[in-house]
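In: Sharing a sequence plus its predicted fold:
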Amino acid sequence: MFMRGFFASLLALFVLFPSIAAAETINVRANRISSIAGFWVYAKQNCHHTGKLKHRIASAPKHGKVTVSFERRRIPESVDNKCAGRMSGVMVVHYTPNRGYRGKDSAAVTFEFPQYLGGQGYTKARTMRYTLNVK
């Protein structure tokens, strides 16, 4: 019964950084690693951290590389008032441009996260696309 309630209350993805519309471009600095997005992973019911998300690079950038790391951070109030200050996991997307490159680039990352529906656990995927401007 606990597991049923636990999975039923999973909040799959919370955006860590400001929301990025499909047409919006993310500005990043040349010759540096930039954190371009992140997703909180926790159960809203009890603020409990639910683990790492499976992920894959759906579309690699042509002029750099994208990596995803799992980090533990305190949930900010801007993400969730109820769980603010609690430690949780966050999947952070990083972009590193090729040395000396300046210009446009793009990438996509697919995240898989647990869902609970009608007594059956399953995995749902969501692909996030990023348009980048390396300055």
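Out: Yep, that arrived. In this text, all values refer to a predicted model and were calculated from it rather than measured experimentally.
In: Sketch out the low-pLDDT regions of this protein for me.
Out: For the chain, the stretches with pLDDT under 70 are 1-23, 115-122.
In: any idea where the strands of it begin and end?
Out: Under the criterion DSSP state E, the chain contains strands at 10-15, 25-28, 34-43, 54-59, 64-74, 87-97, 103-117, 120-134.
In: Quick one: these as CSV, columns for distance to residue 81 too.
Out: Placement of C-beta: from N, CA and C, glycine included. Formatted as CSV, those follow (distance: least, CB to CB, whole Å):
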stretch, distance to residue 81
strand 10-15, 12
strand 25-28, 27
strand 34-43, 13
strand 54-59, 28
strand 64-74, 13
strand 87-97, 14
strand 103-117, 22
strand 120-134, 24
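In: Turn those strands into a markdown table, including distance to residue 80 and mean neighbour count.
Out: Below are the strands of the chain laid out as a markdown table (distance: least, CB to CB, whole Å; neighbours: other CB atoms under 10 Å):
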| stretch | distance to residue 80 | mean neighbour count |
| --- | --- | --- |
| strand 10-15 | 7 | 16 |
| strand 25-28 | 24 | 16 |
| strand 34-43 | 8 | 20 |
| strand 54-59 | 22 | 15 |
| strand 64-74 | 11 | 14 |
| strand 87-97 | 9 | 19 |
| strand 103-117 | 17 | 16 |
| strand 120-134 | 19 | 14 |
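In: nearest residue to residue 67 other than its sequence neighbours?
Out: Distances taken as CB to CB, 6 or more residues apart in numbering place residue 94 nearest to residue 67, at 4.9 Å, with adjacent residues excluded.
In: Tell me if I'm right that that neighbour and residue 70 touch.
Out: No. At 11.8 Å, residue 94 does not count as touching residue 70 under the criterion of CB atoms under 8 Å.
In: circling back to that earlier point, tell me what the residue nearest to residue 67 is bridged to.
Out: Taking DSSP bridges as the rule, residue 94 bridges to residue 35, residue 67.
In: Can you name the residues that contact it?
Out: With contact taken as CB atoms under 8 Å, 6 or more residues apart in numbering, residue 94 is in contact with 33, 34, 35, 36, 66, 67, 68, 69.
In: one more time with 6 Å
Out: 33, 35, 67 (CB atoms under 6 Å, 6 or more residues apart in numbering).
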